[in-house]
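# My questions are about this predicted structure, shown below with the sequence.
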Amino acid sequence: MKDKPLKDVQSQPDPRRIDIDKVGVKDIRYPIVVLDKKNRYQHTVASVNLYVDLPHHFKGTHMSRFIEILNEHRGEITIKSFPDILTRMKKRFNASTAHLEVEFPYFIEKKAPVSRARGLMEYRCRFCGALKDRLDFILEVKVPVLTLCPCSKEISQYGAHNQRGWVTVGVRFREFVWIEDIVDVVEASASSPVYSLLKRRDEKYVTEHAYENPMFVEDVVREVALNLKKLKEITWARIEAENMESIHNHSAYACLEMNYTEGD
């Protein structure tokens with residue numbers, strides 16, 4: 001018996017005539033390679049989202065094609081390959097826009113401040129690329145930090161409340177920028193960096209160092225914004241700071257965007 005032709009339902013017209021901005025697949029777990037400043041390359045596992053726009057005259061898109069494109073670039077999903085992948089998506093789907101988001105853990109070896117004990121710190125990173133008439137690419141790095149409250153230090157007879165916080169920096173750049181350089185800027189802009197391994201003498205140092213460098217979230221985002229000027233490759237940044245408050249039932253938050261031009 002001859003097989004019946006398989007009907008292509010996705011390509012059929014849709015009577016509602018409504019365009020869709022993004023359609024695609026989310027949260028694909030996939031191995032990728034990231035450029036590592038110290039070791040050249042770092043292998044990690046990412047969560048990948050791929051989308052294109054869908055004109056109103058199509059009922060649906062062919063989801064399997066996203067996976068096929070991903071497989072075609074196996075082992076080559078890096079900052080440098082984003083334009084090629086997005087161009088391939090636009091062409092394969094005959095789309096006006098294409099979007100690729102890659103989120104992954106990135107590890108940097110870090111030494112404790114006094115004992116120099118070594119440990120691996122995890123930083124959550126994202127590549128976000130969109131292609132329409134031109135490429136828009138944002139590198140995002142989420143860095144844990146320690147902050148100590150200036151107000152608490154000022155009004156208390158001894159001690160001050162401190163907490164772990166997160167600083168998330170998204171940047172656009174004219175030339176390649178290292179994840180490690182962004183991490184260094186953020187950690188230098190808080191009351192203290194956070195470490196994965198500390199001995200007692202390290203704990204003493206971190207506690208006292210934070211006490212001598214009190215920071216509100218407002219201070220942190222402003223310091224990061226100023227210190228990012230040292231990275232001449234960056235043209236724009238969005239900086240968010242969130243403190244997981246230790247004596248309040250809420251978080252403290254601040255955010256700013258900054259444009260950088262040559263000569264600033």
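Here it is on my side, so go on. Numbering: from 1, shown residues only.
# number of nearby residues for residue 134?
For residue 134, the neighbour count with other Cβ atoms under 10 Å is 6. Backbone N, C-alpha and C define where each C-beta goes, glycine included.
# how close does it get to residue 97?
11 Å (Cβ to Cβ, to the nearest Å).
# Kindly report the same for residue 191.
Distance from residue 191 to residue 97, by Cβ to Cβ: 42 Å.
# Do a quick rundown of the strands in the stretch 51-200 of the chain.
All strands of the stretch 51-200 of the chain, identified by DSSP state E, counting those that start in this stretch, fall at 98-111, 118-131, 135-148, 162-173, 192-193.
# will you turn those into TSV that also has mean neighbour count, mean pLDDT and distance to residue 63?
Shown next, in TSV, are those (neighbours: other Cβ atoms under 10 Å; pLDDT from 0 to 100; distance: least, Cβ to Cβ, whole Å):
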stretch	mean neighbour count	mean pLDDT	distance to residue 63
strand 98-111	18	96	14
strand 118-131	17	96	19
strand 135-148	20	97	24
strand 162-173	20	96	28
strand 192-193	21	97	42
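# and of these, who's closest to residue 255?
strand 162-173 (8.9 Å; Cβ to Cβ).
# Run through the stretch 151-264 of the chain and note the low-pLDDT ranges.
Scanning the stretch 151-264 of the chain for pLDDT under 70 picks out 262-264.
# For residue 180, which residues are in contact?
Shown in contact with residue 180 (Cβ atoms under 8 Å, 6 or more residues apart in numbering): 37, 38, 108.
# If we use 10 Å, what do you get?
Residues near residue 180 by Cβ atoms under 10 Å, 6 or more residues apart in numbering: 36, 37, 38, 106, 108, 123, 141.
# swap in residue 199?
Counting by Cβ under 10 Å, 6+ apart, residue 199 has contacts 112, 114, 115, 116, 117, 205.
# let's see it at 7 Å
Applying Cβ atoms under 7 Å, 6 or more residues apart in numbering, we find residue 199 in contact with 112, 115, 117.
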